[in-house]
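Student: Below: sequence and its predicted model.
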Amino acid sequence: MHCASDFVVAPRRPQVRRPGLLRSAARTLVALSLAASAAAVAAAEITVSAAASLTNAFRDVGAVFEAANPGTRVRFNFAASGPLLQQIAHGAPVDVFASADAETMDQAERRGLVRAGSRADFATNALVVVVPRDAAAPPRSLADLLAPAFRRVAIGVPASVPVGRYTQAALEKANLWARIEAKMIGAQSVRQALDYVARGEVEAGFVYATDAALMAERVKVAFKVPTEAPVRYPIAVVAASAHADAAQRFVTYVLSPPAQATLRRHGFAAPASP
Amino acid sequence: MASAWIALALSLKVALWATAIDLVLGVAAGFALARLRFPGRELVDSILLLPMVLPPTVLGYYLLVVVGRHGWLGAWLESRFDIRLIFTWQGAVIAAAIVGFPFVCKSARAAFEAVDVQYEQAAKVLGLGATAVFARVTLPLAWRGILAGVLLAFARALGEFGATLMVAGSIPGETQTLSIAVYEAVQAGQDELANVLVLMTSLACIAVLLLAGRLAPARIAGRS
């Protein structure tokens, strides 16, 4: 819609100096990008695509990793696991992938997107139903969500958000999916579902226990939802990584006791023994 | 592919409503800015143009804060009329109307400013009242410029994504417009559906732009 803004502005402003300005802006851009790429060569910089629920924990993990590995910088890209997988499949320059469910990582493995043998589970989580802090009558079971008082329920979009898939599986097992789906507000990541509950725009939402703990002053946990498959987090080195050594070092670090302690502090449980 | 047609129909509904709102408010604001002299006129003009330059996420956040259930307007609407705007197609209309508004307002102002005052004065001398002068002289002389702006507002409303996603969510058949359906299809790796949706959106936008180009006076459309 750039043409649109020209359309409105043009008749009122003579454009005498524009070409010169454009040229110098272009020159500055070129200089800046050259400087940036020079810096990238000097130090290894790895990009870690991680599930949205890992946001706070991985920031801490990354800071300690950087301190222990001078010269290696970690950039994080947080989103729902589905979109992260799509980005990698479409050639995004990612070095490490950490998803919030086995299924997304299975897909990555099947499509040859992650390095064979580098995959390992590093944490587990729990699925919970949260309600706004000031909710008068929190639900006590999945069936309670059928009550008319629960007009809208935030659930991650099952096609791309793992927490939505866990939720759908749990509700299908309880034979409630079709009726709860009618109240579903699809969230693009677990954090969006959490935000909708925190703002009171929905009466309830399905999130991970670690997310609920982050917003304890605005949401409360109504009950824990038993899931058929445990909520577990696999991590792996991306096959197309240009910094495979640094990426592998990061994966090893995430599995090491200090990083595990950080994850524990953020509420994640230990990975189930293989 | 039925979901693609549903998304298209919803997008058109939302964009049409948003454009209708923009037409009324944008022409009124454009006329006031063109004809009234008051202190701070250019400041008002800049503020009205803000939706064109602000990131959609900023608009979405403003809307959440204002019309959300805990926002001052949202809380009032719910307690007074039991109206909730978040996660409804009406919420999507509000988001789309806000992003489209500057296009109508700006082009209406330019169109009204281009109208030769002598015609209006002549009409007045010949005995027409103020309303009749506006309806029978000013508006007919300015309508082409206004219409071009209206079409651009429509195209912008059709493509609105960020603020809509934040305010209306993504409920299939209810608030999942074309642009949001594209986003979800790509996120989920459904590339065939994404291809269909993307083609649909592009064709709709090309049609609107062609129409706008034909209606706009060549000088304003930037084509010599």
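Tutor: Yes, it's here.
Student: Which positions in chain B make contact with chain A?
Tutor: B:52, B:64, B:68-70, B:86-87, B:102-103, B:106-107, B:110, B:148-149, B:152, B:155-156, B:159, B:165, B:169-172, B:183-184, B:186-190, B:216, B:219-222 (Cβ under 8 Å from any Cβ of the partner chain). The way it works is simple: take the backbone N, C-alpha and C, and place the C-beta from them, glycine included.
Student: Now the buried members of those residues.
Tutor: For the residues of chain B next to chain A, a neighbour count by 16 or more other Cβ atoms under 10 Å in any protein chain shown gives the buried set as B:52, B:64, B:68-69, B:86-87, B:102-103, B:106-107, B:110, B:148-149, B:152, B:155-156, B:159, B:165, B:169-172, B:183-184, B:186-190, B:216, B:220-221.
Student: quick one, strands of the stretch 151-274 of chain A?
Tutor: A:153-156, A:184-187, A:204-208, A:219-225, A:231-237 (DSSP state E, counting those that start in this stretch).
Student: Burial-wise, tell me which of those strands comes out on top.
Tutor: Comparing those by mean neighbour count (mean count of other Cβ atoms under 10 Å in any protein chain shown), strand A:204-208 comes out on top with a mean of 30.
Student: And the residue of chain B closest to chain A?
Tutor: Chain A sits closest to B:Ala188 of chain B, with a gap of 3.7 Å, by Cβ to the nearest Cβ.
Student: Next, the contact list for that residue, please.
Tutor: A:Gly82, A:Gln86, A:Val157, A:Ala159, A:Ser160 (Cβ atoms under 8 Å, 6 or more residues apart in numbering or on different chains).
Student: out of everything not next to it in sequence, what's closest to it?
Tutor: A:Ala159 (3.7 Å; Cβ to Cβ, 6 or more residues apart in numbering or on different chains).
Student: which stretches of chain B have low pLDDT?
Tutor: B:1, B:216-224 (pLDDT under 70).
Student: quick one, helices of it?
Tutor: B:2-35, B:41-53, B:56-67, B:72-81, B:89-114, B:117-125, B:130-133, B:139-159, B:162-168, B:178-187, B:191-215, B:218-221 (DSSP state H).
Student: List the contacts of A:Ala123.
Tutor: A:Arg232, A:Tyr233, A:Leu263, A:Phe268, A:Ala269, A:Ala270, A:Pro271.
Student: you'd agree the last one is up against A:Phe122?
Tutor: Right, A:Pro271. Yes - with contact defined as Cβ atoms under 8 Å, A:Pro271 reaches A:Phe122; the gap is 5.5 Å.
Student: Any chance you could list residues touching both of those two?
Tutor: Common neighbours of A:Pro271 and A:Phe122 (Cβ under 8 Å, 6+ apart) are A:Tyr233.
Student: what's near enough to touch the residue nearest to B:Val27 when sequence neighbours are not counted?
Tutor: Nearest residue to B:Val27, sequence neighbours excluded (Cβ to Cβ, 6+ apart): B:Ala108, at 4.9 Å. Shown in contact with B:Ala108 (Cβ under 8 Å, 6+ apart): B:Gly26, B:Val27, B:Ala29, B:Gly30, B:Phe31, B:Ala34, B:Ala142, B:Gly145, B:Ile146, B:Gly149.
Student: any idea how far A:Ala50 is from A:Leu176?
Tutor: 31 Å (Cβ to Cβ, to the nearest Å).
Student: let me fix that: A:Val254
Tutor: Counting by Cβ to Cβ, the gap from A:Val254 to A:Ala50 is 10 Å.
Student: which residues are in contact with both of the two?
Tutor: A:Ala98.
Student: quick revisit: and the strands of the stretch 151-274 of chain A: which comes nearest chain B?
Tutor: strand A:184-187 (4.8 Å).
Student: The closest one pairs with which strands?
Tutor: strand A:153-156 (parallel) (DSSP bridges).
Student: For the stretch 101-250 of chain A, which residue gets nearest to chain B?
Tutor: For the stretch 101-250 of chain A, Cβ to the nearest Cβ, closest residue to chain B: A:Ala159, 3.7 Å.
Student: thinking again about what came up before, any chance of the strands of the stretch 151-274 of chain A in a markdown table with mean pLDDT and distance to A:Leu171 as columns?
Tutor: Listed next are the strands of the stretch 151-274 of chain A as a markdown table, based on pLDDT from 0 to 100; distance: least, Cβ to Cβ, whole Å:
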| stretch | mean pLDDT | distance to A:Leu171 |
| --- | --- | --- |
| strand A:153-156 | 96 | 9 |
| strand A:184-187 | 92 | 10 |
| strand A:204-208 | 96 | 9 |
| strand A:219-225 | 95 | 9 |
| strand A:231-237 | 96 | 15 |
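Student: Out of those strands, the one nearest B:Ala95 is which?
Tutor: Closest approach to B:Ala95 among those (Cβ to Cβ): strand A:184-187, 16.0 Å.
Student: How far off centre is the closest one?
Tutor: Distance of strand A:184-187 from its chain centroid, counting by Cα atoms, centre = their mean, to the nearest Å, is 16 Å.
Student: who's in contact with A:Ile122?
Tutor: One thing to correct before we go on: residue A:122 is Phe, not Ile. A:Phe122 neighbours (Cβ under 8 Å, 6+ apart): A:Ala98, A:Tyr233, A:Pro234, A:Ile235, A:Val254, A:Leu255, A:Gln260, A:Leu263, A:Pro271.
Student: what is the fourth one paired to in the beta sheet?
Tutor: To tie it back to what came earlier, the one meant is A:Ile235. A:Ala98, A:Ala120.
Student: Now do stretch B:33-47: distance to the chain's middle.
Tutor: With Cα atoms, centre = their mean, you get 20 Å for stretch B:33-47.
Student: Then stretch A:143-161?
Tutor: 20 Å.
Student: now swap in stretch A:217-236 and tell me
Tutor: 14 Å.
Student: now the end-to-end length of it.
Tutor: 34 Å (Cα to Cα, to the nearest Å).
Student: before we move on, what about stretch B:76-87?
Tutor: Terminal-residue distance, stretch B:76-87 (Cα to Cα): 17 Å.
Student: ditto for stretch A:239-258
Tutor: 26 Å.
Student: ok, residues contacting it?
Tutor: A:44-46, A:48, A:61, A:64-65, A:68-69, A:72, A:74, A:88, A:91, A:93-96, A:98, A:112-115, A:118, A:120, A:122, A:235-238, A:259.
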